[in-house]
Each structure stands twice: as C-alpha cells, then as structure tokens.
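**Q** Would you be able to build a 3D model of this:
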Amino acid sequence: MQLRQLQHLVALAEQGSFGRAAQASHLSQPALSRSIEALEEGLQVRLIDRAYGTVRFTQAGELVLARARELLIDARQLKEDVLQLEGLAAGSLQVGLGPFAAGMLGRAALTLLVQRHPQLSVRTEVADTATLAERLHRREIDLFIADTRDLARQSGLETMRLPDVPVSFFVQPRHPLRRLASVTLEQAMDYPVAGPRLPARVAAQFEHQAKRAGRGVFNLVCDDTGTLRHLALTARAVVLAPDAPAFRHETQPLVPLPIAGLEGMRTHYGLVTLAGRTPSPAAAAYTRFVTEVMSAAPGAGKTGAPE
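**A** Predicted coordinates:
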C-alpha cells in the first residue's frame, strides 16, 4: 500500500467518477483504475462496487477511505514538521480561538509568532468551544484556546490550563455610574449591558443576581471585543471583558466598573490539543507565546498543568 494509492482513492471519492478523478490526479483513466486495483489487491478486499456503473464504495471501502484521509493529513503534517525543524522556516499552523481569547490572546501571541517566524503560514478562526472541539477532532485545526468550563470531559482531548486573569465590567471614563460610591447589577442594567456568550455556569450566576423580570442581564451578546469596546465608548454600554491592557487601552481608554456581589471574577482559559499527538514545532512555539502573553497580564494567576 502506497500513499499515492490512498490519494487516488480519496480523489475518486471526491470527484465521483474514474474519469474526473484521473484528470484531477493528472493520470490517464486506466492508470488510475490500475492504482485502485493494486490497492484492493494489497488489502485483499474489494473497495469499489463496480456492478452499478457508478462509484459506490463497499463497507470496507468506506472504512479504508476514512483512514486514508487521516493518513494523508498525517503525512502532510509530518512533512511540515520536518521542514519546521529548520527554525520554523516553513510549514503552517491552524489555530482556533474562543471569543475572548481571540481579542485578548490571539493578536498578541500571533504578533510574537509572526515576528519571530515570518515564513510560517498561520490561519485562525474564531468560534464557540463546542465548534472548536469538533473541528479539532476532525483535525481541521491544530489546537484551540477557549474557556473550557463548558467543555465536557471528551475522550481524545488534552487541556492545558492557562494563567487566569481578572474579568471586570468596563465603561467609558465619564459614564454616569462612576459617580456612585457602589454600583449594583440592577443599577448597571439601567444601561445597555453587553458581553460575549458565557459558559452555562457563569451565565447562571449572573441571572441569579438579576432580579428584573422579563430581561436577562445581557441585552446585547457579542463575541467581538472590538465591538464591545465600541459600544462602551459610543452607547454608554456596560461591557464584560478580561481586564487586559489590550482591551483597556487600545485607542481610547476604558475603566473598570466594580459591581457589588460580582467581585473576583477570573478567566478559565485552556489550550486544547488532541491527546497523544506530539505538537508540531509551530504549535509548540505558539503555546509558548500564549503562555508568555497571559503570564505578563496584570493580575495573572499561575500557569496550570494539564487538566
């Protein structure tokens, strides 16, 4: 069994016919057919049911196809990992980021990575924790950073707890609530209250504090930290975010607004990878930079071990 035979099998599945698969593989149709037949002979099992005049995979064919896709991904990753041993001069990294992680960690860590390894190809995507976990299982990303409190104990995943940082409500410096000696959540709810999607346990704590019928604490849910800043500066919104310099001082300053009964809130971020999979040099470098960024944040806690 050879990798190119697996590539031809995957091409046949994706193209749906021997003719189109041969064209996509830059082969003649007879050559592609011989490659598939050689794979079947090597495995001593029929992979394609040719009786229908169309491409139909047998049960064994579906199994081999799924494994072929995984093996081809591993082969590409192996090639990139070897190249990256030369000082990360080549290769790629696919990073998933949860909402707050994207704003607070993503840009700072990516800046360090790109500055030190300018030839590395990096792709990021922002999504909720469940979506990122699914994409990691499918090997569409190499790792992700997010709040892991809602991440069930899924088999096959490994979580490294990152240093936690304080979380606070923020407002513009001249917000009317800053004139009060103490601010309750009910008083804050007289203004727009904005924040990201929260883990279920955290959201329940906020709702328990709120006593206003017919409205949740957050009347505006947004996962983009830039939009949250804009709302705080232009709409007198009270916004929830990690207390990080990147959020406070990006262009115009925001100031923390202590809310009675909600002191001591902190992040619960983790860096999640596939269990048992050796990280690529690029993934290892990115992990170091994320830890460096978080450890430097004011009020950051200790770096955690794998959970």
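**Q** In contact with the nearest residue to A200 once chain neighbours are set aside, which residues?
**A** For A200, ignoring the flanking residues on the chain, the nearest one in space by Cβ to Cβ, 6 or more residues apart in numbering is D150 at 5.7 Å. (C-beta placed from N, C-alpha, C; glycine too.) Neighbouring residues of D150 by Cβ atoms under 8 Å, 6 or more residues apart in numbering: 129-130, 199-201.
**Q** how about a cut-off of 7 Å?
**A** For D150, the contacting residues are 129, 199-200, by Cβ atoms under 7 Å, 6 or more residues apart in numbering.
**Q** can you put those residues in a markdown table and add pLDDT and neighbour count?
**A** Output for the contacts of D150, formatted as a markdown table (pLDDT from 0 to 100; neighbours: other Cβ atoms under 10 Å):
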| residue | pLDDT | neighbour count |
| --- | --- | --- |
| T129 | 86 | 24 |
| P199 | 80 | 16 |
| A200 | 79 | 9 |
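**Q** Tell me where the model's unsure across the stretch 1-150 of the chain.
**A** Along the stretch 1-150 of the chain, segments meeting pLDDT under 70 span 52-53, 77, 79-91, 101-104.
**Q** show me where it has helices.
**A** Counting by DSSP state H, counting those that start in this stretch, the stretch 1-150 of the chain has these helices, from start to end: 3-15, 18-24, 29-43, 59-84, 99-101, 107-116, 129-137.
**Q** any idea which of those is most buried?
**A** Highest mean neighbour count among the helices of the stretch 1-150 of the chain (mean count of other Cβ atoms under 10 Å): helix 99-101, with a mean of 27.
**Q** burial of P163, as a residue count?
**A** The tally of other residues near P163 (other Cβ atoms under 10 Å) stands at 20.
**Q** ugh, wrong one, I meant V95
**A** Neighbours of V95 using other Cβ under 10 Å come to 27.
**Q** and the residue lying closest to it once chain neighbours are set aside, what does it touch?
**A** Closest residue to V95 apart from its sequence neighbours, by Cβ to Cβ, 6+ apart: T124 at 4.8 Å. Applying Cβ under 7 Å, 6+ apart to T124 gives the contacts 95, 97, 106.
**Q** Neighbours of the residue nearest to T129 when sequence neighbours are not counted, how many?
**A** Spatial nearest neighbour of T129, excluding adjacent residues (Cβ to Cβ, 6+ apart): A146 at 4.5 Å. As a burial measure, A146 scores 30 neighbours (other Cβ under 10 Å).
**Q** now do the same end-to-end measure for stretch 48-59.
**A** 9 Å (Cα to Cα, to the nearest Å).
**Q** And it, what's buried?
**A** 48, 55, 57 (16 or more other Cβ atoms under 10 Å).
**Q** now stretch 227-241
**A** Buried-residue list, stretch 227-241, by 16+ other Cβ under 10 Å: 228-233, 236-241.
**Q** Now render those residues as CSV, adding secondary structure, distance to I36 and pLDDT.
**A** Shown next, in CSV, are the buried residues of stretch 227-241 (DSSP: H, G, I helix; E, B strand; the rest coil; distance: Cβ to Cβ, whole Å; pLDDT from 0 to 100):
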residue, secondary structure, distance to I36, pLDDT
L228, helix, 54, 88
R229, helix, 56, 88
H230, helix, 56, 90
L231, helix, 57, 93
A232, helix, 60, 93
L233, helix, 61, 92
R236, coil, 66, 94
A237, coil, 60, 95
V238, strand, 62, 96
V239, strand, 57, 95
L240, strand, 56, 92
A241, strand, 55, 86
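**Q** which residues make contact with stretch 63-76 from outside it?
**A** Outside stretch 63-76, the residues touching it (Cβ under 7 Å, 6+ apart) are 3, 6-7, 9-10, 13, 43, 47, 57, 139.
**Q** 6 Å - rerun?
**A** 3, 6, 9-10, 13, 47, 139 (Cβ atoms under 6 Å, 6 or more residues apart in numbering).
**Q** Check stretch 10-27 too.
**A** 8, 29, 32, 55, 65, 68-69.
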